[in-house]
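Trainee: below is the structure, and that's it, no one-letter string:
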């Protein structure tokens, strides 16, 4: 390399390459963000258009999923709770539930499941 000629890194950073890569990465992040937002809105709308149903069901399984995120102010965790119900036809559905409801449900419980689309609305246990 001769003195005075720009290096490959100089050409990349000062010749416009960095701006192109930055623009592409920014565009990808925005596409992912918008796609996630649209998917959530689509699910919300579909659930709102679905009928509210109450059917006999049995609690088959329970599971939780813990998500940990490191942020500027330390680590944050969030737990998502899911319960699989089986209806009389043999079909199964997994619904997200709140922590309080999750703690009250036991595998094998039988009762009336109320839901709207993929939205859990309640479970009334039969005694």
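Mentor: On my side now, so go ahead. Everything quoted here is computed from the prediction, not taken from an experiment. Residues are numbered from 1 along each chain as shown.

Trainee: going forward, measure contacts between C-alpha atoms and count neighbours the same way
Mentor: OK.

Trainee: partners of the lengthiest strand in the chain in the sheet?
Mentor: Of all the segments assigned as strand in the chain under DSSP state E, the longest by residue count is strand 52-71. Strand 52-71 sits in its sheet next to strand 74-87 (antiparallel), strand 110-116 (antiparallel), going by DSSP bridges.

Trainee: I'd like the ones you listed as JSON lines, with mean pLDDT appended.
Mentor: Listed next are those as JSON lines, based on pLDDT from 0 to 100:
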{"stretch": "strand 74-87", "mean pLDDT": "94"}
{"stretch": "strand 110-116", "mean pLDDT": "97"}
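
Trainee: out of those, nearest to residue 54?
Mentor: Of all those, it is strand 110-116 that lies closest to residue 54, at 4.2 Å by CA to CA.

Trainee: so after that closest one, what's the next helix or strand?
Mentor: Counting by DSSP states H and E, the next helix or strand C-terminal to strand 110-116 is strand 119-125.
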